[in-house]
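Engineer: got a predicted structure here, sequence first:
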Amino acid sequence: MRMDPDSGESAAAFLARADEREIAGVITRLGEERHAKRIARAIVAARATAPVDTTGRLAGIVAAAVPGREPGRHPATRTFQALRIHVNDELGELERALPQAVAALAPRGRLVVISFHSLEDRIVKRFMRDGTREDPAWAGLPVIPPSARPRLRLVGRAVFADEAEVASNPRARSAVMRVAERLAA
């Protein structure tokens with residue numbers, strides 16, 4: 001599940017060392033899974049007999065722990081997503097990359113971000129929104145230094161995949177595209 005298999009802790013290592021509460025926290029926070037506590041309990045119980053070191057074993061544990069199923073979606077989807085986001089620090093990477101991307105843009109250059117998860121989209125939306133506002137510490141003052149002025153202008157609204165796109169590319173169902181333009185310095 002790691003983007004760089006030679007760097008950082010693997011999902012198997014995380015599941016082997018973390019306690020039930022930490023596993024449930026990751027699955028709840030990053031997978032937005034309502035059965036996170038039940039899944040974490042099942043993982044901890046299963047690892048007592050044998051390591052949870054394959055995706056097949058993890059998928060089976062989660063499938064057995066989750067009551068009912070969402071049509072068209074494997075019950076382990078959110079758990080796998082949460083573990084992938086966690087071991088790769090994907091949200092942290094995004095938070096660090098956005099300011100760097102804006103700094104690299106020329107005036108009137110456009111930042112286009114496509115997110116595939118609500119947590120990613122929330123970070124992008126807040127970053128772009130905050131970039132369109134002046135620093136509140138300077139609000140109402142007659143002279144605002146350049147560093148406190150808005151850096152971005154939103155371009156249009158969020159764009160979602162239409163039915164035809166989702167039909168040809170099912171992964172697009174959760175995609176959201178947002179665009180902002182860098183203002184002149």
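Structural biologist: Done, it's in.
Engineer: next one: Ala137 from Pro145, what distance?
Structural biologist: As for Ala137, its distance to Pro145 is 10 Å (criterion: CB to CB, to the nearest Å). (Each C-beta comes from the backbone N, C-alpha and C, glycine too.)
Engineer: try Glu165
Structural biologist: Glu165 sits 44 Å away from Pro145 when distances are taken as CB to CB.
Engineer: can you report how many residues lie near Ala148?
Structural biologist: Neighbourhood size, Ala148 [other CB atoms under 10 Å]: 15.
Engineer: quick one: contacts for the residue lying closest to it once chain neighbours are set aside?
Structural biologist: The shortest distance from Ala148 to any non-neighbouring residue, by CB to CB, 6 or more residues apart in numbering, is to Asp135 (3.7 Å). For Asp135, the residues meeting the contact criterion (CB atoms under 8 Å, 6 or more residues apart in numbering) are Ile144, Ser147, Ala148, Arg149.
Engineer: mind putting those into TSV with pLDDT and distance to Asp19?
Structural biologist: As requested, those are exported to TSV (pLDDT from 0 to 100; distance: CB to CB, whole Å):
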residue	pLDDT	distance to Asp19
Ile144	87	49
Ser147	83	44
Ala148	88	44
Arg149	89	47
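Engineer: all helices for this structure, in order.
Structural biologist: Along the chain, the segments classed as helices by DSSP state H run 11-17, 20-31, 36-47, 55-65, 77-88, 90-104, 118-131, 163-168.
Engineer: got a list of contacts for the first one?
Structural biologist: Okay, so that is helix 11-17. Against helix 11-17 from outside (CB under 8 Å, 6+ apart): 1-2, 23, 26, 43, 47, 51-54, 58, 83-84, 86-87.
Engineer: are any of the residues you listed buried, and which?
Structural biologist: Applying a neighbour-count criterion of 16 or more other CB atoms under 10 Å, the buried members of those are Met1, Ile23, Val26, Ile43, Arg47, Val52, Leu58, Leu83, Arg84, His86, Val87.
Engineer: excluding chain neighbours, give the residue nearest to Ile27 in space.
Structural biologist: Computed as CB to CB, 6+ apart, the closest residue to Ile27 that is not its neighbour in sequence is Ala36, at 3.9 Å.
Engineer: ditto for Arg153
Structural biologist: Leaving out its chain neighbours, the residue that sits closest to Arg153 by CB to CB, 6+ apart is Glu181, at 4.8 Å.
Engineer: identify the bridge partners of that neighbour.
Structural biologist: The partner list for Glu181 in beta bridges (DSSP bridges) reads Arg110, Arg153.
Engineer: is it true that it touches Gly109?
Structural biologist: Yes - counting by CB atoms under 8 Å, Gly109 is a contact partner of Glu181 at 7.2 Å.
Engineer: so which of these two has more stuff around it?
Structural biologist: Glu181 (16 against 12).
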